[in-house]
Structures are given as C-alpha cells and as structure tokens.
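Here is the input, now give the coordinates:
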Amino acid sequence: MALELIWAPWRMAYIESCDEKRPETVEPSRLLPGADPGCFLCQAVADPERPQRLVVYQDELTIVVLNRYPYNNGHLLVAPRRHVGAFGEVTPSEHAALMQTIDRMLRVLKDVMNPDGFNVGLNLGRVAGAGLPGHLHWHIVPRWSGDTNFMPVLAQTKVIPQSLEALWQLLRNKTST
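Sure, this is the predicted structure:
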C-alpha cells in the first residue's frame, strides 16, 4: 500500500523551527561518568529542567521522558539514568527501581489520561526495533478502545490529539507531587 499524502501547509512554520527547538548538547562536565554525549537520554539526565528534554520524572536511578515521536498520546520512555545498553548490565538496584518507576508511570497515566490499557515493551538491539540501542529503555504506550482508527489503517497516518508540551506539563505536575 502506497503512502498517501495529506497537505498541511500550516505545519511548515513548525518544521522550519525544529532546529531552533532541538535542545543543544549538554556541557560535558554535567554528563554522568560513562554517558554518551550524543545520547538524548544521557542529555536528559544531565539537563532535566530544560522543557525541550521532556523529562516528566526522575529519581536516583531512573528517568522518564515523553517520546518525541509517539506511537500514541502519552507514550513514555523509562530508562536507567546510567548509559547502559544490555539488559544483563543493569544492576539489581536498577532493575528494582525501573520496575517501580514503570508501575508509578502506569498509575500516573491512568490517573491523568484514563486509558483502557497499556503496551509496555523493551526492544533489545537494533534488529529488534531499538532506535537507541546504546541506552536501554522501556516504552509505555497508553491505549484506548478504538485508538487504531481509519487514519493509520487506511492512510498510514497517526493522529495524536494532544501536544507534547501540554501533556508534559500535566505529567510533570502529577509526578512532582
């Protein structure tokens, strides 16, 4: 099936401003030991207060960011703060903290967005779908009955009903209490 085009000329202003909105790299001294300066998750750990990083929660061992290219509204990435790419390299403390953070984010999303269910997944390795294979991260994707409508099925287009900025603010407010 060929991809159909939907003309949206009003989006050009956004496209042209993307380079301006993209967070600059972080001062190397702010990165954790072993961090990858080009890794957006490592940059978020080092610079979590910058709104463009989309950090909604962090604790001593984990960080949660909104996915900039979501499968669905509310799509979160949960990662260890430490730059680690292999499941076996995560410490027992990090494993426990990651599961606790995933549980917390499921409850926050349920409270804020009231989805009917969730997809929670981990892609290990590029061939498994990992877009960032060097920094392990779980995906939490809220789901609603009927959220796969005619647009992705017929037009191969996904409609996300809420801006990242508005959702980021809601989730930040909820996780900071």
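
Could you confirm residue 118 falls within a strand?
Yes. Residue 118: assigned to a strand according to DSSP: H, G, I helix; E, B strand; the rest coil.

hey, where'd the helices end up in the chain?
12-21, 40-46, 92-113, 150, 164-175 (DSSP state H).

just those: most buried one?
Highest mean neighbour count among the helices of the chain (mean count of other CB atoms under 10 Å): helix 40-46, with a mean of 22. Quick note: C-beta positions are derived from backbone N, CA and C, even for glycine.

Tell me the spatial nearest neighbour of residue 53, not counting adjacent residues.
residue 44 (4.3 Å; CB to CB, 6 or more residues apart in numbering).

So that neighbour is in contact with residue 54, correct?
Yes. Using CB atoms under 8 Å, residue 44 is in contact with residue 54, at 7.5 Å.

hang on, residue 160 packs against residue 70?
Yes. Using CB under 8 Å, residue 160 makes contact with residue 70 at a distance of 5.9 Å.

So which of these two has more stuff around it?
residue 70 (19 against 14; other CB atoms under 10 Å).

Show me where the protein dips below the pLDDT cut-off.
1-24, 148-159 (pLDDT under 70).

residues in contact with the spatially most central residue of it?
Geometric centre of the chain, nearest residue: residue 67, 2.6 Å, by CA atoms, centre = their mean. Neighbouring residues of residue 67 by CB atoms under 8 Å, 6 or more residues apart in numbering: 75, 76, 77, 139.

what does residue 124 give?
86, 87, 130, 133, 136.

again with residue 60
So residue 60 contacts 81, 97 (CB under 8 Å, 6+ apart).

got it, and the one 3 residues further on?
By CB under 8 Å, 6+ apart, the contact list for residue 63 reads 41, 44, 45, 48, 55, 57, 78, 79, 80, 81.

Now render these as TSV, adding distance to residue 124.
Listed next are the contacts of residue 63 as TSV, based on distance: CB to CB, whole Å:
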residue	distance to residue 124
41	16
44	21
45	21
48	25
55	24
57	23
78	15
79	13
80	14
81	19
